[in-house]
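Trainee: I'd like to go over a predicted model; first the sequence, then the structure.
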Number of protein chains: 2
Amino acid sequence: MTDFNDWMHAIQSRTEVVLERLLPSGQVVPQRLHQAMRYVVLGGGKRVRALLAHAAGELCDADPARVDAAAAAVELIHAYSLVHDDLPCMDDDDLRRGKPSCHKQFDDATALLVGDALQSLAFQALAQPGLLQDAACQLTMSHLLAQASGSRGMAGGQAIDLASVGLDLTQMELEFMHIHKTGALIRAAALLGAHCGQTHNVSRLAALDHYAKSIGLAFQVVDDILDSEADTATLGKTAGKDAAQNKPTYVTILGPERAKRLAQELHDSALEQLVPFGAQALRLKQLAAFITQRQF
Amino acid sequence: MTDFNDWMHAIQSRTEVVLERLLPSGQVVPQRLHQAMRYVVLGGGKRVRALLAHAAGELCDADPARVDAAAAAVELIHAYSLVHDDLPCMDDDDLRRGKPSCHKQFDDATALLVGDALQSLAFQALAQPGLLQDAACQLTMSHLLAQASGSRGMAGGQAIDLASVGLDLTQMELEFMHIHKTGALIRAAALLGAHCGQTHNVSRLAALDHYAKSIGLAFQVVDDILDSEADTATLGKTAGKDAAQNKPTYVTILGPERAKRLAQELHDSALEQLVPFGAQALRLKQLAAFITQRQF
């Protein structure tokens, strides 16, 4: 899988460059806000959403230079959600990607504004004049990202998550929460990448969406398994937190063995969607394996 | 000025209807989040930004039905900023528009997510397919709103405001803060309204922008005067707060008399920009008077 690793690192590097350019310099007023925005966005993260956008772009013959802005926009939304999620009134987490979380390194008010400003920057990146030749398609992308981020997507998932603390959820209820909280943005990443391509074949988009939905859930199941098994140093964020906060996880509901089996089933279901596309789906296939098999 | 009052109430009513339709029902999951979003957006506020968008739309022969989404988007951004601004880690205000602020009525986490989701909804409203026939122009509007909301606009102004507590600002520094904190969104409201029209004459847009900049500052100066003179019941938000928090205001820097003179000068400067447009700028003229002379 050397080839995949090379591709992954190349995408991670180019995403870093694009984000670096989008973010105002730490010398621009208000300096502290811009420094904090750069602190949370740059130099960390696996960039799974950017990888998905580019892999979906390859499926649809998209020019990677056009996918860059979409990939960056999704990463900006993801980064903002982590900053707000770590705040004391939410998950109250001191550690993120192995560093002090934003409100610990700066302060609560700055972290609040960092999240707010990163969300604006994401939509600014997607609305760049001339990003795509087809402005209507670019608008569709903006609409998709807004829906995925809002109250019927990611922010709604956070609300459901908060309301579920201490409750005995069924597997279906847990799935409903994750489909919103993390799944919506992961699906948006794939669809945005595809929209940067030439063809918008409806059945192709539906298969890709199905793939992304399965992969998004697999990602969460694996997260729960890692969270229950790893220690804080390896994870780069506080381990065992969900259990400590009495939050339901796939491991608490299914047990570790059935959770691992579920991750594999979701992986296989994602791959099934890719069969009609043959070799053009190579990166999406590799990414599914990477997401399901990661160990860190 | 009966005619202006009729027009104002008509715009306020239609904006309420558009916002009501954009916001998910309080019965849709997650119910509490959607109920809180409706609580903060509906049934209150002067809708100054919606009025400005429609008045600028009239200047550019825009169909009011097309301006509606832009006006709603700007009001959603404004509403989100108030919710986050009232949070304990920011201004810690218990009262807004005569009601308990969002985090008092619900809780801090819900208020955080309400703000986040309202920002997404604003960009969703602006990216509606087919809002304008010219998709590229619609993208420009989305780009304008994102810039005005972000770290070099409104969110940046909030950061400058936070950093200025307890400092002796000059009038210029105070102006710099307000141009970002409230001015950026007020200018965006006017420009978005204009973009819904047929003609995008550069000098017309520049004059409108200059008008909006002056009116935005006048709005803030009048706010500071009212805040220093009115009581909490009349104001619908906590009065005398800036002074109590040791925040610089136009009244603390200039004194009440010079602050009133400044508001008048800004009003006159705004009106000068409208001279070339004659009767088509009627609503913008009336709005300038309304903003400068309001007493509540």
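Mentor: Sure thing, it's come through. Numbering: from 1, shown residues only, chains lettered A, B, ... in the order given.

Trainee: quick one: contacts of whichever strand or helix holds residue A:176?
Mentor: Here residue A:176 sits within helix A:171-178, counting by DSSP states H and E. Identification of contacts with helix A:171-178 by CB atoms under 8 Å, 6 or more residues apart in numbering or on different chains yields A:157, A:160-161, A:164, A:169, A:216-217, A:220, A:248-250, A:253-254. C-beta coordinates here come from the backbone N, C-alpha and C atoms, glycine included.

Trainee: which of the residues you listed are close to chain B?
Mentor: residue A:160 (CB under 8 Å from any CB of the partner chain).

Trainee: Adding pLDDT, neighbour count and secondary structure, write the contacts of helix A:171-178 out as CSV.
Mentor: Output for the contacts of helix A:171-178, formatted as CSV (pLDDT from 0 to 100; neighbours: other CB atoms under 10 Å in any protein chain shown; DSSP: H, G, I helix; E, B strand; the rest coil):
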residue, pLDDT, neighbour count, secondary structure
A:157, 96, 24, helix
A:160, 95, 21, helix
A:161, 93, 23, helix
A:164, 89, 17, coil
A:169, 87, 17, coil
A:216, 95, 26, helix
A:217, 95, 24, helix
A:220, 93, 23, helix
A:248, 85, 22, coil
A:249, 90, 21, coil
A:250, 93, 27, helix
A:253, 91, 18, helix
A:254, 93, 18, helix
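
Trainee: out of the contacts of helix A:171-178, who's nearest residue A:92?
Mentor: Residue A:92 lies nearest to residue A:161 out of these, by CB to CB, at 13.6 Å.

Trainee: Might you report the residue contacts of the nearest residue to residue A:46 once chain neighbours are set aside?
Mentor: Nearest non-adjacent residue to residue A:46, counting by CB to CB, 6 or more residues apart in numbering or on different chains: residue A:12, 7.6 Å away. Neighbouring residues of residue A:12 by CB under 8 Å, 6+ apart: A:46, A:47, A:50, A:51.

Trainee: Which residue ranges of the stretch 1-150 of chain A form helices?
Mentor: A:2-22, A:31-41, A:48-59, A:64-85, A:102-105, A:108-126, A:135-149 (DSSP state H, counting those that start in this stretch).

Trainee: Can you pull out the low-pLDDT segments for chain A?
Mentor: A:1-2, A:199, A:232-237, A:239-240, A:243, A:295-296 (pLDDT under 70).

Trainee: Can you pull up the most central residue in it?
Mentor: residue A:49 (4.5 Å; CA atoms, centre = their mean).

Trainee: circling back: buried subset of the contacts of residue A:12?
Mentor: Neighbour-count burial (16 or more other CB atoms under 10 Å in any protein chain shown) is assigned, among those, to A:47, A:50, A:51.

Trainee: ok, residue A:112 - contacts?
Mentor: Residue A:112 neighbours (CB under 8 Å, 6+ apart): A:84, A:87, B:84, B:87, B:89, B:90, B:112.

Trainee: Kindly recompute the last result at 10 Å.
Mentor: Contacts for residue A:112 were tallied using CB atoms under 10 Å, 6 or more residues apart in numbering or on different chains; they are A:83-84, A:87, A:89, A:102-103, B:84-85, B:87, B:89-90, B:112, B:115-116, B:155, B:158-159, B:162.

Trainee: cool, residue A:179 as well?
Mentor: A:153, A:157, A:160, A:186, A:187, A:213, A:216, A:217, A:220.

Trainee: what's across from residue A:100 in the sheet?
Mentor: residue A:95 (DSSP bridges).

Trainee: gap between it and residue B:90?
Mentor: Residue A:100 sits 21 Å away from residue B:90, going by CB to CB, to the nearest Å.

Trainee: same thing with residue A:53?
Mentor: 33 Å.

Trainee: Give me the more crowded residue out of the two.
Mentor: Between residue A:53 and residue B:90, counting by other CB atoms under 10 Å in any protein chain shown, residue A:53 is the more crowded of the two (32 against 18).

Trainee: Now render the helices of the stretch 1-150 of chain A as TSV, adding distance to residue A:285.
Mentor: Converted to TSV, those look like this (distance: least, CB to CB, whole Å):
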stretch	distance to residue A:285
helix A:2-22	9
helix A:31-41	29
helix A:48-59	9
helix A:64-85	18
helix A:102-105	35
helix A:108-126	27
helix A:135-149	23
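
Trainee: got the angle for whichever strand or helix holds residue A:158 vs helix A:64-85?
Mentor: Using DSSP H and E, the element containing residue A:158 is helix A:154-163. Between helix A:154-163 and helix A:64-85, the angle comes out at 30 degrees (axes from the mean of the first three to the mean of the last three CA atoms, to 10 degrees).

Trainee: Helix A:154-163 to helix B:31-41, inter-axis angle?
Mentor: Using the same axes, to 10 degrees: helix A:154-163 against helix B:31-41 is 120 degrees.

Trainee: Closest one to chain B out of the contacts of residue A:12, please.
Mentor: Lowest distance from chain B to the contacts of residue A:12 (CB to the nearest CB) belongs to residue A:50, with 19.6 Å.

Trainee: In contact with the residue nearest to the closest one when sequence neighbours are not counted, which residues are there?
Mentor: Leaving aside its chain neighbours, residue A:50 sits nearest to residue A:71 (3.7 Å; criterion: CB to CB, 6+ apart). Residues in contact with residue A:71, defined by CB under 10 Å, 6+ apart, are A:11, A:14-15, A:18-19, A:47, A:49-54, A:56-57, A:64, A:125, A:189, A:192-193, A:196.

Trainee: gap between residue A:169 and chain B?
Mentor: 14 Å (CB to the nearest CB, to the nearest Å).

Trainee: Thought residue A:254 was touching that residue, still the case?
Mentor: No: using CB atoms under 10 Å, residue A:169 is not in contact with residue A:254; the gap is 11.5 Å.

Trainee: In contact with the closest residue to residue A:25 other than its chain neighbours, which residues?
Mentor: Spatial nearest neighbour of residue A:25, chain neighbours left out: residue A:34 (6.6 Å); criterion: CB to CB, 6+ apart. By CB under 10 Å, 6+ apart, the contact list for residue A:34 reads A:23, A:24, A:25, A:26, A:27, A:28, A:114, A:117, B:151, B:152, B:156, B:159.

Trainee: Among those residues, name the buried ones.
Mentor: A:23, A:24, A:114, A:117, B:151, B:152, B:156, B:159.

Trainee: Dump those residues to TSV, plus distance to residue A:7.
Mentor: TSV is the format used below for those (distance: CB to CB, whole Å):
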residue	distance to residue A:7
A:23	25
A:24	30
A:114	31
A:117	31
B:151	32
B:152	35
B:156	37
B:159	38
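
Trainee: right, and out of those residues, which lies closest to residue A:244?
Mentor: Among the buried ones among the contacts of residue A:34, and counting by CB to CB, the member closest to residue A:244 is residue A:114, at 26.0 Å.
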